[in-house]
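Enquirer: I'd like to go over a predicted model; first the sequence, then the structure.
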Amino acid sequence: MRPRSRRAFITSAAALAGAAWLPRRAAAQYAKTKLIGTGGGPRPRKASSAPAQVIVSNDVAYVIDCGNGVARQLVFAGVPLTRLRHVFITHHHSDHNADYGNLLLLAWTAGLRTRVDTWGPPPLEKMTRLFFEMNAYDINTRIADEGRVPLAPLIQVHELTQGGSVMQDENVKVTAALVHHPPVVPSFGYRFDAADRSIVISGDTAPSDNLVKLAQGADVLVHDALHVPGVDRLVARVPNAASLKQSILSHHTTAEDAGRVAQAAGVKLLVLSHLVPADDPAITDQMWIDAARVHFRGSVIVGRDLLEI
């Protein structure tokens with residue numbers, strides 16, 4: 001996620017300033033469920049950040065995946081870390097969970113004092129416990145020296161092993177579906193149904209019937225996408241080319257097939273994210289869009305850092 005342009009920043013700041021003086025009831029009329037995301041991709045790069053999305057509904061932040069730098073990107077997006085209430089992990093690959101613990105710790109150092117529920121496949125509980133153990137010196141020092149509330153009791157971990165209803169609060173209802181990401185099992189896609197819109201995050205997956213069912217009639221589907229000739233150029237640069245290509249093709253979806261999924265699900269907007277490769281100059285945005293539109297008749301957007309939908 002790169003910082004927004006000066007114009008976009010000024011526009012957002014003006015909108016927030018204009019809403020600040022509104023009565024609570026009037027402000028609520030302008031409340032909107034928004035999605036802010038990334039271009040994604042498995043490797044650190046200049047052009048785009050690691051996979052992470054945030055859905056903000058009535059000023060509550062629901063983070064999906066925690067790629068490297070997610071806390072800083074939330075700040076760039078104008079989402080206070082103290083608004084964090086739920087974190088959802090789609091699967092345990094480092095580009096999706098590397099900053100899971102860091103997000104919790106940094107939100108706490110930024111002033112978080114309220115409960116955060118985290119959701120995802122095993123071993124999420126073990127990961128959380130070991131992260132707190134690894135950072136016990138810093139955590140305990142800040143509690144004693146800065147008067148902070150203990151961090152560990154704020155974090156409630158929920159491990160998921162199958163699809164179905166996940167949680168519901170006053171803002172959103174969350175449902176999960178198992179998706180196809182061998183050999184990482186289980187892996188999930190998530191659907192968020194709010195009063196004003198429905199948003200589905202695919203996670204990393206090969207084309208998945210479960211995801212089609214999960215996304216039925218959704219307003220927005222964020223789906224990973226790959227470009228096969230670009231994958232060939234990508235793997236040509238590494239010594240483990242054959243194994244890496246086989247792995248990539250086994251658990252990602254081409255942009256054309258992402259369009260098939262979106263059409264079968266009847267979604268209104270398809271957002272292509274976690275682009276593989278994300279930094280090939282030979283692949284233009286229009287090429288991604290044209291591939292998805294082979295089978296999809298709705299709107300298509302190529303995901304970019306800090307893109308707000």
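Expert: Perfect, thanks for sending it. Numbering: from 1, shown residues only.

Enquirer: what residue ranges in the chain score low on pLDDT?
Expert: Within the chain, the segments meeting pLDDT under 70 span 1-31, 41-42.

Enquirer: would you point out which residue is most central in it?
Expert: The residue lying closest to the centre of the chain (C-alpha atoms, centre = their mean) is Q53, at 2.7 Å.

Enquirer: quick one, phi psi at that residue?
Expert: Note on Q53: its backbone torsions stand at phi -130, psi 150 [degrees, to the nearest 10].

Enquirer: pull the contacting residues for it.
Expert: 35-38, 63-65, 201, 222, 273 (C-beta atoms under 8 Å, 6 or more residues apart in numbering). To be clear about C-beta, it is placed using only N, CA and C from the backbone, and glycine gets the same treatment.

Enquirer: again, only using 6 Å
Expert: 37, 64, 201 (C-beta atoms under 6 Å, 6 or more residues apart in numbering).

Enquirer: same question, P51
Expert: P51 makes contact with 40, 65, 67, 95-96, 274, according to C-beta under 6 Å, 6+ apart.

Enquirer: try P207
Expert: P207 sits next to 253, 257, 261 when contact means C-beta under 6 Å, 6+ apart.

Enquirer: among those residues, which one has the most neighbours?
Expert: T253 (27 neighbours; other C-beta atoms under 10 Å).

Enquirer: give me the spatial nearest neighbour of that residue, chain neighbours excluded.
Expert: Of all residues not flanking T253 in the chain, P207 sits nearest, at 5.3 Å (C-beta to C-beta, 6 or more residues apart in numbering).

Enquirer: over to that neighbour: give its phi and psi.
Expert: Main-chain torsions, P207, degrees, to the nearest 10: phi -50, psi 130.

Enquirer: against R142, how distant is it?
Expert: Between P207 and R142 the computed distance is 46 Å (C-beta to C-beta, to the nearest Å).

Enquirer: before we move on, what about G40?
Expert: 32 Å.

Enquirer: quick check: chain neighbours aside, which residue is closest to R297?
Expert: Q263 (6.6 Å).

Enquirer: and the contacts of the strand or helix carrying that neighbour?
Expert: Element membership of Q263, judged by DSSP states H and E, is helix 255-265. With C-beta under 6 Å, 6+ apart as the test, helix 255-265 has contacts from 207, 212, 215-216, 221, 223, 225, 270, 272, 288, 291-292, 294-296.

Enquirer: the same query, at a cut-off of 8 Å, please.
Expert: 200, 202, 207-208, 211-218, 221, 223-227, 253, 270, 272, 288, 291-298, 300.

Enquirer: any idea which helix or strand comes after that helix?
Expert: Counting by DSSP H and E, the next helix or strand C-terminal to helix 255-265 is strand 269-276.

Enquirer: all strands for the stretch 151-300 of the chain, in order.
Expert: For the stretch 151-300 of the chain, strands defined by DSSP state E, counting those that start in this stretch occupy the ranges 155-159, 164-168, 172-178, 188-194, 198-201, 220-226, 269-276, 299-302.

Enquirer: possible to save those as TSV with mean neighbour count and distance to R129?
Expert: Shown next, in TSV, are the strands of the stretch 151-300 of the chain (neighbours: other C-beta atoms under 10 Å; distance: least, C-beta to C-beta, whole Å):
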stretch	mean neighbour count	distance to R129
strand 155-159	15	8
strand 164-168	13	21
strand 172-178	21	23
strand 188-194	25	21
strand 198-201	26	26
strand 220-226	28	30
strand 269-276	26	28
strand 299-302	19	38
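
Enquirer: distance to G111 added to the ones you listed, as a markdown table?
Expert: Shown next, in a markdown table, are the strands of the stretch 151-300 of the chain (distance: least, C-beta to C-beta, whole Å):
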| stretch | distance to G111 |
| --- | --- |
| strand 155-159 | 16 |
| strand 164-168 | 24 |
| strand 172-178 | 24 |
| strand 188-194 | 25 |
| strand 198-201 | 27 |
| strand 220-226 | 29 |
| strand 269-276 | 30 |
| strand 299-302 | 34 |
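
Enquirer: great, nothing more from me.
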